[in-house]
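*Asks:* For reference, the sequence and a predicted model appear below.
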Amino acid sequence: MISMRLNVFLGALLVASCGQNAPSLPALQIDADRVTVSGFSSGAIMAQQVHFAWSDVIDGAGIISGPPYGCAEGKLDTALDRCLAPKGKGPDPAALAAVARDRAAKGLIDPLAGLAGDRVWIFHGSTDSIVAESVVAASTAFYDTLGGATVESDFSHAAAHVFPTLASGGDCAVSASPYIGRCKFDTAGEIFRRVVGDVDAPAAQASGQLVRFDQRSFAADGADPSLGDAGYIYVPQQCSKGACGLHIAFHGCQQSADEIGDAFATQAGYNAWADAAGVVVLYPQASSSIIPLNPKGCWDWWGYTGPEYDTRQGAQLRWLANVLAALGVKV
């Protein structure tokens with residue numbers, strides 16, 4: 001049975017690799033002073049890794065059901081226990097803050113002074129049994145310990161381990177694919193109001209263009225970031241000709257294009273808000289693999305791409321730096 005499943009999985013990878021190539025990123029004018037990030041689950045940790053790597057450039061972060069930066073300490077067993085639903089002691093925000101300070105001093109992430117004035121919003125669904133409330137609360141405590149950023153949190157809404165929306169996705173009470181839940185709560189809207197800023201309501205409907213782009217060409221120095229062949233970028237109509245901000249939205253485990261197609265990019269609720277705010281939304285795509293071991297297509301938050309995964313030298317962060325450079329944002 002295991003052999004049969006492996007053959008099916010490898011066959012699917014082969015079919016995917018033989019598909020049509022995606023086009024290059026569109027040429028856009030991005031305002032480098034309006035760059036923010038958010039993510040769900042493993043994407044929430046990836047959003048923090050991006051925020052700390054380049055806090056001088058990133059203006060804020062939305063953290064949805066994610067442990068604090070550095071929680072896994074490069075160990076898969078730590079990630080699966082202490083950083084999800086710990087049987088014993090959970091993450092220690094003070095200890096993780098000390099690690100962040102040390103990394104900043106060594107130049108592995110931006111100076112922590114870059115957090116000053118940044119807006120951070122942290123959410124956890126009260127019925128989420130995949131990531132414990134105490135773990136997400138540690139993310140809030142971690143930011144508070146470091147200081148500088150304006151941090152808000154919301155743990156008051158009933159939601160399983162899903163990305164809550166007003167009306168898209170599956171059952172809000174069930175942690176199941178596509179991990180987008182009809183919770184009568186606009187998570188993307190809260191991210192735009194509290195993190196992106198300068199916008200009070202979404203457009204009546206998303207009227208921009210969702211574009212697939214080739215992710216493979218942005219790998220740094222031959223390093224394999226273990227990502228999907230194609231990502232998505234949403235471009236509001238006004239952003240095809242004029243300067244706009246940029247928001248980077250990271251899906252969670254089992255939410256990549258491999259698993260759910262463009263559902264995260266089209267159903268999470270970001271795009272109508274992006275139209276109203278004049279903000280391009282970048283949707284990078286992770287990919288599932290057996291080697292390295294990442295069967296659920298999570299972002300690297302425990303070290304499957306190498307020990308420097310959560311510093312500026314990490315394969316996925318260097319990949320993203322090249323994408324941002326192509327969009328005119330230098331980190």
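*Replies:* Cool, the structure landed. Please read all numbers here as calculations on a predicted model, not as lab measurements.
*Asks:* check contacts around Thr311.
*Replies:* By Cβ atoms under 8 Å, 6 or more residues apart in numbering, the contact list for Thr311 reads Ala53, Arg103, Leu108, Ile109, Leu317. In short, each C-beta sits where N, CA and C put it, glycine included.
*Asks:* ok but it is inside a helix, no?
*Replies:* No. Under DSSP: H, G, I helix; E, B strand; the rest coil, Thr311 falls outside any helix and is assigned coil.
*Asks:* So which bits of stretch 69-76 are buried?
*Replies:* For stretch 69-76, burial by neighbour count (16 or more other Cβ atoms under 10 Å) applies to Tyr69, Gly70, Cys71, Ala72, Glu73.
*Asks:* er, stretch 233-242 actually
*Replies:* Buried residues in stretch 233-242 (16+ other Cβ under 10 Å): Ile233, Tyr234, Val235, Pro236, Cys239.
*Asks:* could the buried residues of stretch 69-76 go into JSON lines alongside distance to Val279 and secondary structure?
*Replies:* JSON lines is the format used below for these (distance: Cβ to Cβ, whole Å; DSSP: H, G, I helix; E, B strand; the rest coil):
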{"residue": "Tyr69", "distance to Val279": "24", "secondary structure": "coil"}
{"residue": "Gly70", "distance to Val279": "28", "secondary structure": "coil"}
{"residue": "Cys71", "distance to Val279": "29", "secondary structure": "coil"}
{"residue": "Ala72", "distance to Val279": "30", "secondary structure": "coil"}
{"residue": "Glu73", "distance to Val279": "34", "secondary structure": "coil"}
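*Asks:* what are the ranges of the strands in this protein?
*Replies:* 29-40, 60-64, 119-123, 150-154, 163-165, 170-171, 180-182, 209-214, 230-235, 243-250, 279-283 (DSSP state E).
*Asks:* orientation of the second one relative to strand 119-123 in degrees?
*Replies:* The reference is to strand 60-64. Angle, strand 60-64 to strand 119-123, by axes from the mean of the first three to the mean of the last three Cα atoms, to 10 degrees: 0 degrees.
*Asks:* Then the fourth one?
*Replies:* With the same axes, to 10 degrees as the basis, strand 150-154 and strand 119-123 are set at 20 degrees to each other.
*Asks:* List the beta-bridge partners for the closest residue to Gly328 other than its chain neighbours.
*Replies:* For Gly328, ignoring the flanking residues on the chain, the nearest one in space by Cβ to Cβ, 6 or more residues apart in numbering is Ile30 at 5.0 Å. Ile30 has the following beta-bridge partners by DSSP bridges: Cys244.
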